[in-house]
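J.: how would this look folded up:
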Amino acid sequence: MVNITKKSNTLRIAVATATVKVSKQETIDAVEQRKIPKGDVFEFARAAGLFGVKKTSDVIPDCHPLPIEYTAISYEIEGLSIIINVEVHTIYKTGVEVEAMHGASVTALTIYDMLKPIDKGVEIENIRLLKKAGGKSEFKNAKFPEIKAAVVVCSDSIFENKAQDTAGKAIISRLEQWDIHTGKYEIVPDEIDVIGNKASELSEVGYDLIIFTGGTGLSPRDVTPEAIAPLIDRNIDGIMETARHYGQERMPYAMLSRGVAGFIGKTLVLTFPGSKSGAEESMDALFPQVLHLFKVIKGEKH
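T.: Purely as a prediction, here's the structure:
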């Protein structure tokens, strides 16, 4: 199965359809009048479809088990066709497209099974996905070349060439996925004045996004939050709360990160942990959706 541990829980919606076509009007009349010998076609098929949605991972090997939090199965009759629509919702790490299509196919098969004794020409056609929403797939084609970014590594040991930077380079690599060019990459020591001055300098020269990595923990030399917090004009507490929550689900010490986020003037400043894994997890938790802020500050609607 595909590894989805790096994904975040979001609302996922899928709508699928299937069509059952009969060969004569008498069959449609019997369905509508509830005169099918095996019982109420619509209600039997709806129950079967609900089971189909919930049991998808049991019969499709690569589908992840997931919580089904809403399912609606509805019908429309157009001529000799019974059109089935199945809508499925979940709040999870992966989508429910297959669940919706499996539900539609099981519903259709149930209708077929109930109608075949009275109509030998019944057939199933056109099982397909109508809609899907949620998750990062909505952003898969999003690019942000207009954003001018800077990455600053805060570390005494890296500044003194006693260690190699991996976190900053990982951040730069992730930004490239969204077509964001890092115009400035610097390494500074863990000094409040140096970090604060660097933030002010980069903001004043027009960088839209500054990501600091390192110095957000609790060791005596971890001073990045103390350097950045006094400069922030508008705090956005939810950003780093989201990153910490994401990290805490994957390792037990993410709650100890003291990263802050907000605007210095018109520059969005983020402060990430100094480890490569911590920086990557912060990027996974926040990007690209955090970039929506640049539309909001221009007064554009959500």
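J.: Low-confidence ranges, the stretch 151-300 of the chain, go.
T.: Scanning the stretch 151-300 of the chain for pLDDT under 70 picks out nothing.
J.: how about the helices in this structure?
T.: Applying DSSP state H to the chain gives helices spanning 25-32, 41-54, 56-59, 97-115, 156-159, 167-177, 192-204, 224-228, 237-248, 276-286, 293-296.
J.: got CSV for those helices, with distance to Leu129 and mean neighbour count too?
T.: For the C-beta atoms, the positions are set from N, CA and C on the backbone; glycine is no exception. Converted to CSV, the helices of the chain look like this (distance: least, C-beta to C-beta, whole Å; neighbours: other C-beta atoms under 10 Å):
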stretch, distance to Leu129, mean neighbour count
helix 25-32, 25, 16
helix 41-54, 14, 20
helix 56-59, 14, 14
helix 97-115, 5, 24
helix 156-159, 48, 18
helix 167-177, 26, 19
helix 192-204, 45, 17
helix 224-228, 45, 23
helix 237-248, 29, 18
helix 276-286, 26, 21
helix 293-296, 29, 13
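J.: With Glu146 as the reference, name the closest of the ones you listed.
T.: Distance to Glu146, taken as C-beta to C-beta, is lowest for helix 293-296 among these, at 8.3 Å.
J.: And the contacts of the closest one?
T.: Contacts to helix 293-296, defined as C-beta atoms under 8 Å, 6 or more residues apart in numbering, come from residues Phe144, Ile147, Asp208, Ile236, Leu268, His302.
J.: For the residue nearest to Glu123 when sequence neighbours are not counted, give me its contacts.
T.: Spatial nearest neighbour of Glu123, excluding adjacent residues (C-beta to C-beta, 6 or more residues apart in numbering): Lys21 at 5.4 Å. Taking C-beta under 8 Å, 6+ apart as the criterion, Lys21 is in contact with Leu80, Ser81, Ile82, Val122, Glu123, Ile124, Glu125.
J.: Please apply the same query to Ser105.
T.: Residues in contact with Ser105 (C-beta under 8 Å, 6+ apart) are Ala18, Gly52, Ile124, Ile127.
J.: and the gap between it and Ala199?
T.: With distances taken as C-beta to C-beta, to the nearest Å, Ser105 is found 56 Å from Ala199.
J.: same question, Pro145
T.: 24 Å.
J.: May I have the residues that are in contact with Ser74?
T.: If you count contacts by C-beta under 8 Å, 6+ apart, then Ser74 has Ile84, Asn85, Glu87 around it.
J.: which residues in the stretch 1-150 of the chain form strands?
T.: In the stretch 1-150 of the chain, strands defined by DSSP state E, counting those that start in this stretch lie at 10-21, 70-78, 81-92, 123-133, 148-154, listed in chain order.
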